[in-house]
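Asker: This is a predicted model, with the sequence first.
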Amino acid sequence: MKKFLIIIVTGLPGSGKTTLSKKLSEKLSLPVINKDAMKELLFDSLGWKDREWSKKLGMATFGLLYYIMEAQMMAGKTFIVESNFKHEFDSKKFLALKKKYNFFPIQIVCEAKGEIIFRRFKKRHESGNRHPGHRDEIVCEEYRDDLLKGSYQPLKIGGKIIKADTTSFQSADVNKLIKEISLALK
């Protein structure tokens, strides 16, 4: 089986993962699997109410995310996946898939100053553009300390790790990221 790439865009909520993964998807002509987009589809189909329901749908969304990723892997396709993956939960899952499908992971870890991520997250909620099912008014305080750290630990799955400074979206050099990814594609 030919080795293929999985481009994993990860980081804290509000760190710019979705913005960056969309730009990479457009420039590289690769599909992107976005956890929050799937969760919002579930909210639209099943409704939303409190934080516990949001967490329950979040767990279901991760199940769907891994199902769709594995379908792409079975086909040997390179793709982008974007979520706030946590090394303590997701590293084992990725390692099992890596052993089964022999892909090369490239992690792009979005990070910025914690105060900026916290303000960005809060502003995103206050804008009214975010799906209300996420219950960001609760999440903002629930994850305050994590958001103020500015970054997550990368997954422990080998491959290549690229740190992307998303303090401002102009500082995340998409062309530089594409060069690094293109080198790995060869």
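Answerer: It's in. Residues are numbered from 1 along each chain as shown.
Asker: quick one: buried residues of stretch 16-24?
Answerer: 16-21, 23-24 (16 or more other Cβ atoms under 10 Å). The way it works is simple: take the backbone N, C-alpha and C, and place the C-beta from them, glycine included.
Asker: For the chain, which residues score under the pLDDT cut-off?
Answerer: Within the chain, the stretches with pLDDT under 70 are 1-2, 124-128, 130-142, 144, 148, 150, 169-172, 185-186.
Asker: May I ask which helix or strand encompasses residue 107?
Answerer: Element membership of residue 107, judged by DSSP states H and E, is strand 104-111.
Asker: Can I get that strand in PDB? Just the C-alpha atoms.
Answerer: Provided in PDB are the C-alpha atoms of strand 104-111 (Å, rounded to 0.1, in the frame of the first residue of the first chain):
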ATOM      1  CA  PHE A 104       2.400   9.800   7.400                       C
ATOM      2  CA  PRO A 105       0.900  12.400   9.800                       C
ATOM      3  CA  ILE A 106       1.700  16.100   9.600                       C
ATOM      4  CA  GLN A 107       0.300  18.000  12.600                       C
ATOM      5  CA  ILE A 108      -0.200  21.700  12.300                       C
ATOM      6  CA  VAL A 109      -0.600  23.000  15.800                       C
ATOM      7  CA  CYS A 110      -2.300  26.400  16.000                       C
ATOM      8  CA  GLU A 111      -1.100  28.500  18.800                       C
END
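Asker: how far off strand 104-111 does whichever helix or strand comes after that strand point, in degrees?
Answerer: Counting by DSSP H and E, the next helix or strand C-terminal to strand 104-111 is helix 114-127. For helix 114-127 against strand 104-111, the angle by axes from the mean of the first three to the mean of the last three Cα atoms, to 10 degrees is 80 degrees.
Asker: Summarise which helices and strands helix 114-127 is packed against.
Answerer: Where contact means 3 or more Cβ pairs under 8 Å, 6 or more residues apart in numbering; DSSP states H and E, helix 114-127 is packed against helix 136-142, helix 144-149.
Asker: C-alpha coordinates for it, PDB please?
Answerer: Taking Å, rounded to 0.1, in the frame of the first residue of the first chain, the C-alpha atoms of helix 114-127 are listed here in PDB:
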ATOM      1  CA  GLY A 114      -3.400  32.900  25.600                       C
ATOM      2  CA  GLU A 115      -5.000  36.300  26.100                       C
ATOM      3  CA  ILE A 116      -5.600  36.600  22.400                       C
ATOM      4  CA  ILE A 117      -7.200  33.100  22.100                       C
ATOM      5  CA  PHE A 118      -9.400  33.900  25.100                       C
ATOM      6  CA  ARG A 119     -10.500  37.200  23.700                       C
ATOM      7  CA  ARG A 120     -11.000  35.700  20.200                       C
ATOM      8  CA  PHE A 121     -13.100  32.900  21.700                       C
ATOM      9  CA  LYS A 122     -15.200  35.300  23.700                       C
ATOM     10  CA  LYS A 123     -15.700  37.600  20.700                       C
ATOM     11  CA  ARG A 124     -16.700  34.700  18.500                       C
ATOM     12  CA  HIS A 125     -19.400  33.800  20.900                       C
ATOM     13  CA  GLU A 126     -20.600  37.400  21.300                       C
ATOM     14  CA  SER A 127     -20.700  37.900  17.600                       C
END
